[in-house]
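# need a 3D model of the following:
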Amino acid sequence: MNVHFIAIGGSAMHNLAIALHLKGYVVSGSDDEIFEPSSSRLRNYGLLPASVGWFPEKIHTGLDAVILGMHARKDNPELLKATEMGLKIFSYPEFLYEQSKNKKRIVIGGSHGKTTITSMILHIVDHAGLKIDYMVGAQLEGFEVMVRLSDDATWMLMEGDEYLTSPIDPRPKFLHYRPHIALISGIGWDHVNVFPRFEDYLNQFRQFISVIEPGGTLVYNAEDQEVVALASVAECNKIAYTTHACTMANGETYVQSPAGEKKHLAVFGRHNLSNLSAAVQICSLLGIDNELIYDALSSFKGASKRLELVAKSDVAALYRDFAHAPSKVKASAEALRLKFPDSQLIICLELHTFSSLSASFINQYKGTLDAADLAVVFYDQHAVELKRLELMTHEIIQTAFGREALFVVTTSEDLLAIIETHIQLPAVIAMMSSGSFRGIDFSKLKDLLKLS
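Residues are numbered from 1 along each chain as shown. Okay, here's the model as predicted:
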């Protein structure tokens, strides 16, 4: 097949492009900006466009499919030409369904935890020697790409996103997947730019349950009241899970396997113990032996940028975390506090998403940074302008978080200066964002923590 990607540089899109290339497809693509690591990975496979920009001449009758990314706009010149020529145009999720429509599909949904749960399942499946197709939202150790598509796998495991499908399809991505097994990890309002009321957001998960295949199963978090309410009226098979029991010693987390064997975990925090329970349920449905599941979990190091340890010493540690939604921020902060009770906990949170930069949503962050000894909010005014939102005063942000001792900064230089002024070893710094703090230099953070 000959396939062209409009917006090939996206995190998900470039992985799908590589997966199809490895499958033997002829792949081309365009984008008006391609950042790392997408550019290097595309270059390694000979898929990096020679020039950035949109080139209608790349659209031709020899294409079997055009795959449209969310980054493109409705008036994209390549999209307009493909439409005019009557070519088959797929969104990313539509194409994934097309590739998996003859397989049994597992879809992991929820406002938080879905990437980690999907990664845990993949790690266990790989440990068990079971070959499945997959799509996961973060790089995972031991896996070449974030997407695998084959002709012989029985199962397809997909991370299910509730955000919009494409510029021409306002439906949530996960509605396209029609799972045989669906999981919902939790529901916390997000994406206010497209779901301005919590009820609007909640309704997407209601629809997600409705597209489970007949005879299918819903696995759900029994500790989330919104999820429980939706599950209570769901007309499908249902399996509930709760946070896994654990013991802690010297900041390390241990769980017990069904046979009574004590297993050390590299991941930590109540939210990851909930994620672990979810992964165990799915892998049990796949027929994987329980003891093998726990053996695999003991070697799971986490997904990229999910409480990822960047560097550590005897007196300091630096973490990078994708946390940005209120529930994620609070869970990560509390997990770090529990793991490092005797260290100064410094949390730097970048307001980067549309929701976090919105005055109508910012109050949802109240109390999320209470576990920190030093809390810094990075408020990028350039990001506010790009999203065409109104600027908030520092006082509004401080009030929203419900914390008087909160620093609000607008440059990475100011952020580093505050840390340098207030740091007290032993200390732990967590950089929380789906962005990059305007390209902050992590080596300078390491210097402040006396990390090599």
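# for burial, what's the neighbour tally of T242?
For T242, the neighbour count with other C-beta atoms under 10 Å is 12. For the C-beta atoms, the positions are set from N, CA and C on the backbone; glycine is no exception.
# all helices of this protein, in order?
With helices called from DSSP state H, the chain shows them at 11-22, 38-44, 77-85, 92-100, 114-128, 198-210, 225-232, 270-285, 290-297, 326-339, 381-386, 394-401, 412-422, 442-448.
# quick one: low-confidence ranges for the stretch 351-452 of the chain?
452 (pLDDT under 70).
# could you do the chain as well?
In the chain, residues with pLDDT under 70: 452.
# pop the domain breakdown of it in here.
2-87, 95-297, 308-448 (automatic domain parsing).
# end to end, how far does the longest one reach?
The distance separating the two terminal residues of domain 95-297, taken as C-alpha to C-alpha, to the nearest Å, comes to 31 Å.
# what about that domain, distance to the chain center?
12 Å (C-alpha atoms, centre = their mean, to the nearest Å).
# with stretch 362-381 instead?
That offset, for stretch 362-381, works out to 20 Å (C-alpha atoms, centre = their mean).
# how about that stretch: buried residues?
By neighbour count on 16 or more other C-beta atoms under 10 Å, the buried set for stretch 362-381 is 362, 364-365, 368-369, 371-372, 374-380.
# quick one: strands adjacent to the strand of greatest length in the chain?
Ordering each strand of the chain by length in residues (DSSP state E) puts strand 344-351 first. Sheet pairing for strand 344-351, assigned by DSSP bridges, gives strand 374-379 (parallel), strand 427-432 (parallel).
# among these, which comes closest to R270?
Of all these, the one in closest proximity to R270, counting by C-beta to C-beta, is strand 427-432 (15.9 Å).
# ok, A240 touching A231?
Yes. Assessed by C-beta atoms under 8 Å, A240 is found in contact with A231 at 7.4 Å.
# the more surrounded of those two?
Using other C-beta under 10 Å, the more surrounded residue of A240 and A231 is A231, with 20 against 15.
# export the helices of the chain to a markdown table and append columns for distance to V147.
Below are those laid out as a markdown table (distance: least, C-beta to C-beta, whole Å):
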| stretch | distance to V147 |
| --- | --- |
| helix 11-22 | 4 |
| helix 38-44 | 12 |
| helix 77-85 | 22 |
| helix 92-100 | 8 |
| helix 114-128 | 11 |
| helix 198-210 | 21 |
| helix 225-232 | 27 |
| helix 270-285 | 19 |
| helix 290-297 | 21 |
| helix 326-339 | 23 |
| helix 381-386 | 28 |
| helix 394-401 | 37 |
| helix 412-422 | 33 |
| helix 442-448 | 28 |
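# point out the most buried one among these.
helix 114-128 (a mean of 24; mean count of other C-beta atoms under 10 Å).
# elements contacting it?
strand 104-109, strand 155-159, helix 270-285, helix 290-297 (3 or more C-beta pairs under 8 Å, 6 or more residues apart in numbering; DSSP states H and E).
# would you reformat those as TSV and include distance to D75?
Listed next are those as TSV, based on distance: least, C-beta to C-beta, whole Å:
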stretch	distance to D75
strand 104-109	31
strand 155-159	29
helix 270-285	40
helix 290-297	47
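# so which of the ones you listed is nearest L79?
Per C-beta to C-beta, nearest to L79 of the helices and strands packed on helix 114-128: strand 155-159, 24.4 Å.
# so what touches the closest one?
For strand 155-159, the external contacting residues (C-beta atoms under 8 Å, 6 or more residues apart in numbering) are 96, 99-100, 103-108, 114-115, 118, 121-122, 125, 132-137, 177, 179, 286.
# CA atoms only: put it into CSV for me.
What follows is strand 155-159, C-alpha atoms only, in CSV (Å, rounded to 0.1, in the frame of the first residue of the first chain):
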residue,chain,number,x,y,z
TRP,A,155,-5.2,-9.1,19.9
MET,A,156,-4.8,-5.3,19.4
LEU,A,157,-4.1,-3.2,22.6
MET,A,158,-4.7,0.5,22.2
GLU,A,159,-4.5,3.5,24.5
